[in-house]
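A.B. asks: Got a predicted structure here, sequence first:
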Amino acid sequence: MKYVLITPARNEERFITKTLDSMVAQIRLPERWVIVDDGSTDNTGEIVRRYAASHPWIEVVRRPQRLDRSFGAKVQAFNAGLERARSLAFDVVGNLDADLSFEADYLEFLLQKFEEDPKLGVAGTPFLENGYDSTKDSFEGENHVAGGCQLFRRKCFEDIGGYVPNHAGGVDWIAVTSARMKGWRTRSFSEKRFHHYRPLGTAERNIIGSLFSYGEKDYYLGGSPVWQLFRVAYRMVKPPVLIGGLALLAGYCWAGVRRINRPVSRELMCFHRREQMKKLKAIIGAVLRFKKVDSFRVATTQDRVSL
């Protein structure tokens, strides 16, 4: 299978060399890797052009400088890059962030998953970030594909209408959930990981501000209040202990009080909540089964001691 990658990059001079080195080392190279320098004011453009000069499959697109950093602008940059590759023959299109790294067989591994499963629409892997492992520490599950590296079967990407611009975020989540709603399989394969170097959501805010923003996003993406309470409780035991969960809850409640507009359709919100309730029942069932087995072991041990 042939693939193309698009990387919107804005002021990524600290980490983009790691991404460039990872791509140059790949066993299976893309037909084209379009890196969109989205108005960087640092040395991002110079670094990328240096690599493009010696690797003809890397193309650099320069966009005008702008004042803010937003998810809507990131989609615009992605689309500008995709336009440069649209005339090529490819089966898979991927969004690749400019602040991560991975092994030399990483993309080969994901492409093999597409070859093995014709109904696989979106594929990726969990990620590591300063001791955080999204497989162990996330509440999302294996059907969610992290936005740092998302590969789409071309037909799937066209079915969902591509990425939906949204200034406040959730772009990658909307794409993956829309793919499942339309009958495609989405999967994060835990056999591999990519390393993410800048903490998620902290490009222009601290960790507490980031969690507050995530709480707001949970609301406007249509998340269930019941699910959110469990997520908050789960987050409270993670660093920063207690405060992180409270920030997440505050963001969700503040968005609800303001009744901010949701960028998702009613159909997608209902589908999302059904998935959340199904997942929550599975989690609670697993916990109850574990407690039942644990209680049985304790009782058995006590019987043996008494004998």
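C.D. replies: Great, that's in hand.
A.B. asks: can you give me the helices for this structure?
C.D. replies: Assignment of helices within the chain using DSSP state H yields the ranges 16-24, 44-52, 71-85, 106-116, 134-137, 154-159, 171-181, 207-220, 225-236, 243-258, 266-306.
A.B. asks: Give me the mean pLDDT for the longest one.
C.D. replies: Helix 266-306 comes out with an average pLDDT of 75.
A.B. asks: again with the first one
C.D. replies: The average pLDDT within helix 16-24 is 98.
A.B. asks: counting contacts, what elements does that helix pack onto?
C.D. replies: Secondary structure elements in contact with helix 16-24, counted by 3 or more Cβ pairs under 8 Å, 6 or more residues apart in numbering; DSSP states H and E, are strand 3-9, helix 44-52, strand 100-101. C-beta coordinates here come from the backbone N, C-alpha and C atoms, glycine included.
A.B. asks: and if we set it to 10 Å?
C.D. replies: For helix 16-24, the helices and strands in contact under the criterion 3 or more Cβ pairs under 10 Å, 6 or more residues apart in numbering; DSSP states H and E are strand 3-9, strand 32-38, helix 44-52, strand 58-63, strand 92-96, strand 100-101, helix 106-116, strand 194-196.
A.B. asks: Looks like His55 contacts Ala25 (just checking).
C.D. replies: No - in this structure, His55 sits apart from Ala25 without contact. The criterion is Cβ atoms under 10 Å, and the distance is 11.3 Å.
A.B. asks: ok, back up a step: compare the helices of the chain and give me the one nearest Ala123.
C.D. replies: helix 106-116 (5.0 Å; Cβ to Cβ).
A.B. asks: angle of the closest one against helix 16-24?
C.D. replies: Per axes from the mean of the first three to the mean of the last three Cα atoms, to 10 degrees, the angle that helix 106-116 makes with helix 16-24 is 50 degrees.
A.B. asks: Which positions within stretch 118-134 qualify as buried?
C.D. replies: With burial defined by 16 or more other Cβ atoms under 10 Å, the residues of stretch 118-134 counted as buried are Leu120, Gly121, Val122, Ala123, Gly124, Thr125, Pro126, Phe127, Leu128, Glu129, Ser134.
A.B. asks: Please read the previous query as pertaining to stretch 224-231.
C.D. replies: Residues of stretch 224-231 classed as buried: Ser224, Trp227, Gln228, Phe230, Arg231 (neighbour count, 16+ other Cβ under 10 Å).
A.B. asks: any idea how far His55 is from Thr19?
C.D. replies: The gap separating Thr19 from His55 is 13 Å, by Cβ to Cβ, to the nearest Å.
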